[in-house]
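J.: Using only what follows, build the 3D model:
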Amino acid sequence: MERLVTSNLKLGIIAGGQLGKMLIQEASKWDIITYVLDKDENCPAGSIASHYIKGSQLDFDSVYQFGKLVDVLTFEIENINIDALKKLKSEGHRILPDPEILELIQDKALQKSFYEKNSIPTAHFNTYETTQAILSGIEKGEINFPFVQKLRKGGYDGRGVEVINAKGDLSKLLSGASVIEEKVQIDKEISVIVARNRKGETKCYPVVEMVFDPSANLVDKLICPSSITPEQSEKALSFATEIIELLDMEGLLAVEFFIDSKGEVIVNEMAPRTHNSGHHTIESIITSQFEQHLRAILNLPLGSTKLKLPSVMINVLGDEGHEGPVMYEGLTESMTIDGVKIHLYGKKITRPYRKMGHVTVLSSSLEGALKKAENVRQLIRVKSWKKN
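T.: A predicted model of the protein is given here:
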């Protein structure tokens, strides 16, 4: 797609969550016809897509038939039926990023082996097929406390991950084939989003710093620019660029890193799609991650990743103890704060820690953005309507 010259381009997006919704919002600016596949008729993207198709991203026939409807197929989630994507590719359909890349990233063991093979620093790891094999590994001294268990497949948004600090935590072990990593002594967690098109043009976004909610194991706050050293930033940007080039990937890649207690930059994991750590780009960067993903998969010139203003992004999560039809508190009050941009995803049902939206706070200084973000954090609550 060297030139965007038609209003008849059909873009298919597998899964209709908030990432799909925000991608469709960008695609609509270019008059692109959008299709979304999701099993939930009330999914966030379903109400704004040109065409909603009901079906599961895990079902072969649903994915295969959906792929035949569109000119370009992309996705907003990793957990997809790979066999269907491979068959579509073999028949000449355009799927970006490539199914082979998605297959590698879907499996955390293959992903970790990719880093090891290419001398990209990552936490030391071993793979185990069963919980019993993990327990045996502990007895043999192969695994030392503390360690992190990650299911090889299916985990996302903190699910499929357990931190095992001592023997007393072994009851928390997850069932299934797993990667066992040494627990890194983390000083900071950062993310780099990098884009690449078919011509091989690459562009990185500025490094962002991620602060996690320990209860939900989700990003609580995103800070841009980060407070890491220029040398650490250069390393992270270099690794992200190296990874997307090694993969020969077209699209957007989010690479999450640890800065350890010694100041070293270590790759944690990656996602071949738009990402929660890039939501601030909608307002604070010249080209949003969603526009950039479209530019990359359509082989268009990549847009500027220059920072316009410092920003802090906070996730709007469902409150503990609330499940049911959603009710928001504090939105109007938050709007009185200069530089506050509220995004609600359109999810009708709230649950504890469910991502219901995000708020990006812009300011002329990072200190100002952090202060305003804390005010917003105190104001906005996500509750459920209570029946009388």
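J.: contacts, neighbours, all on C-alpha from now
T.: Noted.
J.: Can you give me the distance of D319 to G155?
T.: Distance of D319 to G155, computed by Cα to Cα, to the nearest Å: 22 Å.
J.: next one: S178
T.: For S178, the distance to G155 - Cα to Cα - is 11 Å.
J.: More neighbours: the two, which one.
T.: Using other Cα atoms under 10 Å, the more surrounded residue of S178 and G155 is S178, with 26 against 16.
J.: The more buried one contacts T127, doesn't it?
T.: Yes: with contact defined as Cα atoms under 8 Å, S178 and T127 form a contacting pair (5.7 Å).
J.: tell me, what's touching those two both at once?
T.: By the contact definition Cα atoms under 8 Å, 6 or more residues apart in numbering, S178 and T127 are jointly contacted by A109.
J.: what residue is smack in the middle of the chain?
T.: H275 (3.0 Å; Cα atoms, centre = their mean).
J.: what bits of this protein have low per-residue confidence?
T.: Low-confidence segments of the chain, defined by pLDDT under 70: 1-6, 156-158, 215-217, 386-388.
J.: What segments of it are helices?
T.: For the chain, helices defined by DSSP state H occupy the ranges 18-27, 60-67, 82-90, 99-106, 108-117, 131-139, 230-246, 281-284, 289-297, 331-334, 366-379.
J.: Can you tell me which of the ones you listed is most buried?
T.: helix 289-297 (a mean of 26; mean count of other Cα atoms under 10 Å).
J.: circling back: quick check: the residue nearest to the centre of the chain touching G20?
T.: No: under the criterion of Cα under 8 Å, H275 makes no contact with G20, lying 10.7 Å away.
J.: so how far is A45 from L37?
T.: L37 sits 9 Å away from A45, going by Cα to Cα.
J.: shared neighbours, the two?
T.: With Cα under 8 Å, 6+ apart, L37 and A45 have common neighbours G16.
J.: Compare neighbour counts for those two and give me the winner.
T.: The neighbour comparison of L37 against A45 (other Cα under 10 Å) goes to A45, with 31 against 28.
J.: re the thing from before, using a markdown table, please lay out the helices of the chain together with distance to N268.
T.: Output for these, formatted as a markdown table (distance: least, Cα to Cα, whole Å):
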| stretch | distance to N268 |
| --- | --- |
| helix 18-27 | 22 |
| helix 60-67 | 29 |
| helix 82-90 | 23 |
| helix 99-106 | 12 |
| helix 108-117 | 9 |
| helix 131-139 | 21 |
| helix 230-246 | 11 |
| helix 281-284 | 22 |
| helix 289-297 | 21 |
| helix 331-334 | 34 |
| helix 366-379 | 26 |
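J.: Which parts of the protein belong to which domain?
T.: Segmentation of the chain into domains, based on automatic domain parsing, reads 10-95, 124-182, 186-384.
J.: Please tabulate those domains in JSON lines, including the columns distance to F114.
T.: As requested, these are exported to JSON lines (distance: least, Cα to Cα, whole Å):
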{"stretch": "domain 10-95", "distance to F114": "17"}
{"stretch": "domain 124-182", "distance to F114": "12"}
{"stretch": "domain 186-384", "distance to F114": "9"}
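J.: Please identify which of those domains is closest to N118.
T.: domain 186-384 (8.6 Å; Cα to Cα).
J.: Work out the gap between that closest one and the centre of the chain.
T.: 9 Å (Cα atoms, centre = their mean, to the nearest Å).
J.: so what's the residue lying closest to the residue nearest to the centre of the chain once chain neighbours are set aside up against?
T.: Distances taken as Cα to Cα, 6 or more residues apart in numbering put A254 closest to H275, at 6.4 Å, once the chain neighbours are dropped. By Cα under 8 Å, 6+ apart, the residues touching A254 are 191-194, 270-275, 277.
J.: 7 Å instead?
T.: 191-194, 270-273, 275 (Cα atoms under 7 Å, 6 or more residues apart in numbering).
J.: distance of it from P206?
T.: Applying Cα to Cα to A254 and P206 gives a distance of 12 Å.
J.: Find the residues that touch each one of these two.
T.: Counting by Cα under 7 Å, 6+ apart, the common neighbours of A254 and P206 are V192.
J.: so K108 sits right up against G154, yeah?
T.: No: in this structure K108 lies outside contact range of G154 using Cα atoms under 7 Å: 9.5 Å.
J.: For N299, which non-adjacent residue is spatially closest?
T.: The nearest residue in space to N299 (Cα to Cα, 6+ apart) is N197, at 5.0 Å.
J.: Quick check: that neighbour touching E250?
T.: Yes: N197 lies in contact with E250 (Cα under 7 Å); the separation is 4.8 Å.
J.: For the two, indicate the residue with more neighbours.
T.: E250 (28 against 24).
J.: So what does that one have for phi and psi?
T.: E250 adopts backbone torsions of phi -110, psi 120, taken as degrees, to the nearest 10.
J.: didn't Y35 look like it was pressed against K54?
T.: No: judged on Cα under 7 Å, Y35 makes no contact with K54 at a distance of 10.6 Å.
J.: Much appreciated, bye for now.
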